[in-house]
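In: Dropping the sequence and predicted coords here.
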Amino acid sequence: MSERPMIRQILRSDYDAWRPLWDGYNTFYGRTGPTALPEEITRATWERFFDTSEPINALVAEESGHLIGLAHYLFHRSTTRLRDVCYLQDLFTAESARGRGVGRHLIEAVYQAARNAGSSRVYWHTQVTNQAGRALYEKVANHSGFIVYSHEL
């Protein structure tokens, strides 16, 4: 990568540039067409970034005035730690910017935000088929061996 992207907090004025990244992230995980997230969820997610009573935060990667990546994360309590933990819920890099370190820079920025907030750990999930993402994750974190189960209510 010729220059390091600027990693910064999301701004209200970023919506039009954030939305294609958000849609790309959701498409990557199969949430498109008939399985797309309802617009109400996207609107609520966007609003939560700017609500100081919400634990959800958003960072973006910017290069030459264009958003090329996003990271959404939140803090929560843990029954096994005294300090909060940080869950990196969403991480996405525009296809045109992949392989240039953008994802790593976003993860490092989340690490720093978690340190600043006094968190004791950052963790995330990904699909087993996300080979490109997992290649990066193996370099910047430890795989704990956990398998995730969920049940929709």
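Out: It's in.

In: Please make it C-alpha for all contacts and neighbour counts, starting now.
Out: Fine.

In: residues of stretch 8-20 that come out buried?
Out: Neighbour-count burial for stretch 8-20, with 16 or more other Cα atoms under 10 Å as criterion, is recorded at 10, 18.

In: Alpha carbons of it, as CSV, please.
Out: What follows is stretch 8-20, C-alpha atoms only, in CSV (Å, rounded to 0.1, in the frame of the first residue of the first chain):
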residue,chain,number,x,y,z
ARG,A,8,-11.1,7.7,12.1
GLN,A,9,-14.4,7.8,13.8
ILE,A,10,-17.4,7.8,11.5
LEU,A,11,-19.2,11.1,10.9
ARG,A,12,-22.8,11.7,10.0
SER,A,13,-21.7,13.1,6.7
ASP,A,14,-20.2,9.7,5.8
TYR,A,15,-23.5,8.0,5.3
ASP,A,16,-23.4,7.9,1.5
ALA,A,17,-19.9,6.5,1.5
TRP,A,18,-20.5,4.1,4.4
ARG,A,19,-23.6,2.6,2.9
PRO,A,20,-21.9,0.8,0.0
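
In: Identify the residues contacting it?
Out: The contact list for stretch 8-20 (Cα atoms under 8 Å, 6 or more residues apart in numbering) reads 49, 50, 58, 59, 60, 61, 62, 66, 67, 70.

In: which non-adjacent residue is nearest the first one?
Out: Put plainly, it is residue 49. Using Cα to Cα, 6 or more residues apart in numbering and skipping residues adjacent in sequence, the residue nearest residue 49 is residue 57, 5.3 Å away.

In: Show me what the one you found is bridged to.
Out: When bridges are called by DSSP bridges, residue 57 pairs up with residue 73.

In: Show the contacting residues for it.
Out: Residue 57 makes contact with 48, 49, 72, 73, 74 under the criterion Cα under 8 Å, 6+ apart.

In: hang on, the earlier thing: and which of the contacts of stretch 8-20 is nearest residue 112?
Out: Taking Cα to Cα as the measure, residue 112 lies nearest residue 59 of those, at 11.7 Å.

In: Pretty sure the closest one sits against residue 71.
Out: Yes: between residue 59 and residue 71 there is a contact under Cα atoms under 8 Å: 5.1 Å.
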